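Engineer: Sequence first, then the predicted structure:
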Amino acid sequence: MYSYFDAHCDTLSRCLGQGWSLWENPGHLDLKRLSAYEQKGQVFALFADSAKVPAEERFRTISAQAALLHEAKRKDPAGLENCFLSVEGAELLGCEAGRLEEVREWGVRWVNLTWNHPNALCGSCRSGGGLTRRGRDFVRRCGQLGLGIDLSHLSDQGAWDVLRLEAAPVLASHSDSRALCGHPRNLTDALFRAVVGSGGFVGVNFCIHFLGEKPAAEAVADHLEHFLALGGEDHLGTGADFDGTDVPEDLSGVQDLPGLWAILERRGFSRELIRKLAWGNLETFLRILA
């Protein structure tokens, strides 16, 4: 069996919101199913919808989510060694660069400047708009602390602004190809090439709304194959968005990833390349942030 290392899930917010156990739950991902992989890792997003959570409660909410992972890691430090955190929307930090050192100590490795709503730092893929002056300063501070900037959810202008600033490591943790599905959450070929050129990482999203007309594991393989053709061999993996979106029936949870890799094997891709997609490329990118 291939290893498992994925760049984005919303399991912590679901567990906190639904009262689920992180060890075993009815969602897309839990630690029990993850433990079936001999080599496993997951970047867990800290998330709350800023349109629904008052500003004064946002940081406390993500702190509680982080505590769920910290508790699990205390019980199994070796087994969860490769489990990290990200912040999905800097509005959860009050857009305050002064909070970055604290969340870095929590195990956060990168920050989305926005979720779906524009904020004091940048516009979103829904609103448009690029980096503000405050946003540029925030990106620079992330770079100083070794935190990555996640382009997923940014507007195209905002993504280009981050890339041109060249101030912090860059990735798109859960984004697909706009050439295959024209959703604004997806990456243009030019943006993908720019992320690759910066030494960054892209995790392909399993969200059915971003995959195209026939959202199934075959479509996820299509997006991977398209990005591979653009030079993604050493910069590509998965950012499934488990527990954060609707996913294909044949990729209904963390247990189903071997089926995706079997599709790529049938398409003639080598086991070594699939190993990079399943594990190696994300591990390499995280080393930059260590």
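Structural biologist: Yes, it's here.

Engineer: Just the element for A72, please.
Structural biologist: helix 55-75 (DSSP states H and E).

Engineer: packing partners for that helix?
Structural biologist: Using 3 or more CB pairs under 8 Å, 6 or more residues apart in numbering; DSSP states H and E as the contact test, the elements touching helix 55-75 are helix 11-18, strand 40-46, strand 83-88, helix 100-106. Quick note: C-beta positions are derived from backbone N, CA and C, even for glycine.

Engineer: Could you report the separation of S127 from A159?
Structural biologist: To A159, S127 is 13 Å away according to CB to CB, to the nearest Å.

Engineer: where in this protein is pLDDT low?
Structural biologist: Applying pLDDT under 70 to the chain flags the ranges 290.

Engineer: The nearest residue to T61 once chain neighbours are set aside: neighbouring residues, count only.
Structural biologist: Sequence neighbours aside, A48 is the residue nearest to T61 in space, at 4.7 Å (criterion: CB to CB, 6 or more residues apart in numbering). A48 has 23 neighbouring residues, counting by other CB atoms under 10 Å.

Engineer: and if you look at F84?
Structural biologist: When neighbours are counted by other CB under 10 Å, F84 registers 19.

Engineer: Show the contacting residues for it.
Structural biologist: By CB atoms under 8 Å, 6 or more residues apart in numbering, the residues touching F84 are G41, Q42, V43, F44, G107, V108, R109, L286.

Engineer: Okay, and the beta partners of the fourth one?
Structural biologist: With DSSP bridges applied, F44 shows beta-bridge pairing to C9, L85.

Engineer: Can you name the residues that contact it?
Structural biologist: By CB under 8 Å, 6+ apart, the contact list for F44 reads C9, T11, L12, Q65, L69, C83, F84, L85, S86.

Engineer: State the distance from it to I62.
Structural biologist: Distance from F44 to I62, counting by CB to CB: 11 Å.

Engineer: ok, back up a step: can you say which of the helices and strands packed on helix 55-75 is nearest to I274?
Structural biologist: Closest of the helices and strands packed on helix 55-75 to I274 is strand 40-46, at 15.8 Å (criterion: CB to CB).

Engineer: Using PDB, list the CA coordinates for the closest one.
Structural biologist: What follows is strand 40-46 as a C-alpha-only set of coordinates in PDB (Å, rounded to 0.1, in the frame of the first residue of the first chain):
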ATOM      1  CA  LYS A  40       0.900   8.600   7.200                       C
ATOM      2  CA  GLY A  41       0.600  12.400   7.600                       C
ATOM      3  CA  GLN A  42      -2.100  15.000   7.400                       C
ATOM      4  CA  VAL A  43      -2.300  18.800   7.500                       C
ATOM      5  CA  PHE A  44      -5.400  19.700   9.500                       C
ATOM      6  CA  ALA A  45      -6.900  23.100   8.700                       C
ATOM      7  CA  LEU A  46      -8.000  25.400  11.500                       C
END
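
Engineer: Now do it against helix 55-75, angle only.
Structural biologist: If you take axes from the mean of the first three to the mean of the last three CA atoms, to 10 degrees, strand 40-46 sits at 160 degrees to helix 55-75.

Engineer: Thanks a lot, see you next time.
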